[in-house]
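Participant: Everything below, folded, please.
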Amino acid sequence: MRHSIYSLLKSFGPLALAVCALGTAPAQAADTVETPVQSAANPDYVAGRAAVDSKNWKGAIESLNKAAARDAGNADVQTLLAYSYRHDGQFKQAFDHYKEALRLNPRHRGAHEYIGEAYLLTNDLPRAEEHLAALNKLCLFSCEEYTELKQSIEAYKRKR
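Facilitator: Here you go, the predicted structure:
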């Protein structure tokens, strides 16, 4: 017997409606990616993002430092700048900017994932696991950032 989604939801009551609403609610843009307004308003961020996409880490660092000077309170800029420093092998600067991103937005899932990965690259498994635990609390029913960091940690452990 086929049921419509509406009839199934109706039979399960308000709890089912609430669960479905959670699954369809838009993600908080600041948790993982840049906001469209910020991208359009900050040409240095746009240039930095393009440099990251082409794996031009030096160019990304240059543009994103300018973007950070324009918008010092933006966790997305700080996270992408940290990501660029990490890929350029400049871990001290990467950690400084990840920490700043998390100071600005402690719920920034992307920053938690990427700093966890950076800790693995510097052989600091306990700190990577701290950020996995933070993501576990932030993600109601798991999220991409949690899954990816968990997989990175598992791969790190297998190599040891």
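
Participant: So which elements touch the longest helix along the chain?
Facilitator: In the chain, assigned by DSSP state H, the helix with the most residues is helix 144-159. When contacts are defined as 3 or more C-beta pairs under 8 Å, 6 or more residues apart in numbering; DSSP states H and E, helix 144-159 sits against helix 109-121, helix 125-138. C-beta coordinates here come from the backbone N, C-alpha and C atoms, glycine included.

Participant: what angle separates the last one from helix 109-121?
Facilitator: It stands for helix 125-138. Relative orientation of helix 125-138 versus helix 109-121 (axes from the mean of the first three to the mean of the last three C-alpha atoms, to 10 degrees): 160 degrees.

Participant: Now do helix 125-138 and helix 144-159, the angle between them.
Facilitator: 150 degrees.

Participant: re the thing from before, give the buried residues for the longest helix of the chain.
Facilitator: Residues of helix 144-159 classed as buried: 145, 146, 149, 150, 152, 153, 156 (neighbour count, 16 or more other C-beta atoms under 10 Å).

Participant: any weak-confidence spans in the chain?
Facilitator: 1-40 (pLDDT under 70).

Participant: Just name the most buried of the helices and strands packed on helix 144-159.
Facilitator: Highest mean neighbour count among the helices and strands packed on helix 144-159 (mean count of other C-beta atoms under 10 Å): helix 109-121, with a mean of 24.

Participant: quick one: contacts of the longest helix of the chain?
Facilitator: Helix 144-159 is contacted from outside by 32, 109-110, 112-113, 116-117, 120, 125, 128-129, 131-132, 135-136, 138-139, using C-beta atoms under 8 Å, 6 or more residues apart in numbering.
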